[in-house]
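Trainee: please work out how this folds:
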Amino acid sequence: MAVIYDGTPEKRVYKNIFGETMEAIAAADDQVVYLDADLMNSIGTLGFWKRNPRQAINCGIAEANMMGIAAGLSAGGKKPYAHTFGIFASRRCFDQVFISAAYAGNSVRIFGSDPGVTAGFNGGTHMPFEDMALMRAVPGSTVIEVSDAAMLADIMWQVKDREGLTYVRVTRKNYPALYSGNHEFTIGRGQVVREGKDAAVIACGLMVGEAMAAAETLKGEGIDLRVVDMFTVKPIDRELAVRTASETGVVLTAENHNIIGGLGDSVADVLLSEGVRTKFRKLGVQDQFGSVGPQPYLQEFYGLTAAKIAEAIKSML
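Mentor: Next up, the predicted model:
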C-alpha cells in the first residue's frame, strides 16, 4: 500500500487541485459541465470558466436553482458537476437534490466544500455538521469524504461516469498527505492506512490524519492502533468494518460531522446488524451547532483532535 503519511500538511491547497482536475476532466469529455454558485475564485475554477464558458456555468448565489440546472443537464445527456459550500450544497437545496436529481433518476455529482470545522471564520451558518446525514438519507446516493489530495483528484475522475447522486465532501485548504500520487481507490472500499491489533479508529476526511497522529502517540505507550480510512460513508465497506471490529475488539469512529447520521452511525448499523461483539464509541461533533474561529481552536472546542482520539482509545481499553 502506498501510504506516505508523515504528519506534514500538503504544500498545495485542495482548491487548486480541484480547479486543475476539473478543467482536465472537461477537456477529456465534452459532455462534462461544471456548475458553481459564485465561488469559482474560492475553489480554483475561475480560470477554467473564463477559458471554457461552454463547459462551466456560474449560477450565482442560487444553489437550489443550480441543482435544478444540474438535473436538467443530466436529463439532456450531460455529466454535471456542481460545487458550493457544503452547507449550501446540502441543507439549503435538499429538496431540489432529492426530487430533481435523485428521485428523477438523474446523475449529478455534488462537491460540498469547507466541511465541518474547516469552514473556520465563516462561522456556524457556513459550517456543515449534518450534510452527510442528509445525503445518506437519499435513496441510492453515494457519499464520500476526501482524505487527501491524491484521493481528491482520483475521485473526481472516478465519479465522471457514475450513475445517480454522488456527494463529495472536500476542504479547500489541505490535510496531511496520506497516499502517493499513483494510489488507486475504489468507491465503496475503505483503506487500512495503518495496521494494528489492540484497537481501531475508523475515520474519514480531516480525522484520518488526526487518527494517524494519535496512533503515533499511543505507540509510545505500548498500544498498537489500527487506522481505517472509510472515505466512502455510503455505500460503506461492510466487510472491512466487520473485520476491523472482529480482529481488534475496540472500535472508535472519528468524523468532522455530527455523531448523529454520519460515519459513526453508518459503522454502528453494520456492526449491530452483523452481530459483531465489540467495544464501540463515536467521536465527533456532539449534537452541536457550528461556531466561529480558527480551525485549530474549533478542533479543540469540538474535541476533534489526535489527543482526544488517544484519550478515548485508552479509556475504552
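Trainee: contacting residues around the closest residue to Ser291 other than its chain neighbours?
Mentor: With sequence-adjacent residues excluded and distances taken as CB to CB, 6 or more residues apart in numbering, Ser291 is closest to Gly124, at 5.6 Å. All C-beta spots, glycine's among them, are computed from the backbone N, C-alpha and C. By CB atoms under 8 Å, 6 or more residues apart in numbering, Gly124 lies in contact with Phe289, Gly290, Ser291, Val292.
Trainee: which pLDDT value belongs to Gly124?
Mentor: What the model reports as pLDDT for Gly124 is 94.
Trainee: mind listing the strands for this structure?
Mentor: 32-36, 56-58, 79-85, 108-113, 142-145, 165-170, 191-194, 199-203, 225-229, 232-234, 250-258, 279-285 (DSSP state E).
Trainee: now for the fifth one, which elements pack on it?
Mentor: The reference is to strand 142-145. Counting contacts by 3 or more CB pairs under 8 Å, 6 or more residues apart in numbering; DSSP states H and E, strand 142-145 is packed against helix 131-136, strand 165-170, strand 232-234.
Trainee: can I get the strands of the chain in JSON lines including mean neighbour count, distance to Ile69 and mean pLDDT?
Mentor: Shown next, in JSON lines, are the strands of the chain (neighbours: other CB atoms under 10 Å; distance: least, CB to CB, whole Å; pLDDT from 0 to 100):
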{"stretch": "strand 32-36", "mean neighbour count": "24", "distance to Ile69": "6", "mean pLDDT": "98"}
{"stretch": "strand 56-58", "mean neighbour count": "19", "distance to Ile69": "7", "mean pLDDT": "97"}
{"stretch": "strand 79-85", "mean neighbour count": "26", "distance to Ile69": "8", "mean pLDDT": "98"}
{"stretch": "strand 108-113", "mean neighbour count": "26", "distance to Ile69": "10", "mean pLDDT": "98"}
{"stretch": "strand 142-145", "mean neighbour count": "27", "distance to Ile69": "21", "mean pLDDT": "98"}
{"stretch": "strand 165-170", "mean neighbour count": "26", "distance to Ile69": "15", "mean pLDDT": "98"}
{"stretch": "strand 191-194", "mean neighbour count": "22", "distance to Ile69": "34", "mean pLDDT": "97"}
{"stretch": "strand 199-203", "mean neighbour count": "29", "distance to Ile69": "34", "mean pLDDT": "98"}
{"stretch": "strand 225-229", "mean neighbour count": "27", "distance to Ile69": "33", "mean pLDDT": "98"}
{"stretch": "strand 232-234", "mean neighbour count": "23", "distance to Ile69": "25", "mean pLDDT": "98"}
{"stretch": "strand 250-258", "mean neighbour count": "27", "distance to Ile69": "28", "mean pLDDT": "98"}
{"stretch": "strand 279-285", "mean neighbour count": "21", "distance to Ile69": "32", "mean pLDDT": "98"}
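Trainee: for Cys93, see how far away the closest residue in space to Val13 that isn't next to it in sequence is.
Mentor: Distances taken as CB to CB, 6+ apart place Asn174 nearest to Val13, at 5.1 Å, with adjacent residues excluded. Look at Asn174 and Cys93: by CB to CB, to the nearest Å, they are 27 Å apart.
Trainee: ok, these two, which is more surrounded?
Mentor: Applying other CB atoms under 10 Å to Asn174 and Cys93 shows that Cys93 carries more neighbours, namely 24 against 18.
Trainee: measure that one to Arg281 for me?
Mentor: For Cys93, the distance to Arg281 - CB to CB - is 33 Å.
Trainee: model confidence over stretch 88-106, on average?
Mentor: 98.
Trainee: still on that earlier bit, of the contacts of Gly124, which is the most crowded?
Mentor: Neighbour-wise, those (other CB under 10 Å) top out at Gly290, 20 neighbours.
Trainee: show the pLDDT at that residue.
Mentor: 97.
Trainee: chain neighbours aside, what residue packs nearest to it?
Mentor: Per CB to CB, 6+ apart, closest to Gly290 is Met127, 2.8 Å.
Trainee: how much space separates the one you found from Phe88?
Mentor: From Met127 to Phe88 the distance is 12 Å (CB to CB).
Trainee: do the same with Gly116
Mentor: Gly116 is 15 Å from Phe88, by CB to CB.
Trainee: those two: which is more packed in?
Mentor: Gly116 (32 against 23).
Trainee: right, and that one touches His126 too?
Mentor: No: if you go by CB atoms under 8 Å, Gly116 and His126 don't touch, sitting 10.7 Å apart.
Trainee: joint contacts of these two?
Mentor: Joint contacts of Gly116 and His126 (CB under 8 Å, 6+ apart) are Gly290.
Trainee: next up, the contacts around Ile202.
Mentor: Gly190, Val228, Met230, Ala241, Thr244, Val251, Leu252, Thr253, Ala254, Leu263, Val267.
Trainee: now do the contacts for the residue lying closest to it once chain neighbours are set aside.
Mentor: Closest residue in space to Ile202, ignoring its immediate chain neighbours: Val228 at 4.5 Å, by CB to CB, 6+ apart. Contacts for Val228 (CB under 8 Å, 6+ apart) come out as Gly190, Gln191, Val192, Val193, Ala200, Val201, Ile202, Ala203, Leu240, Thr244.
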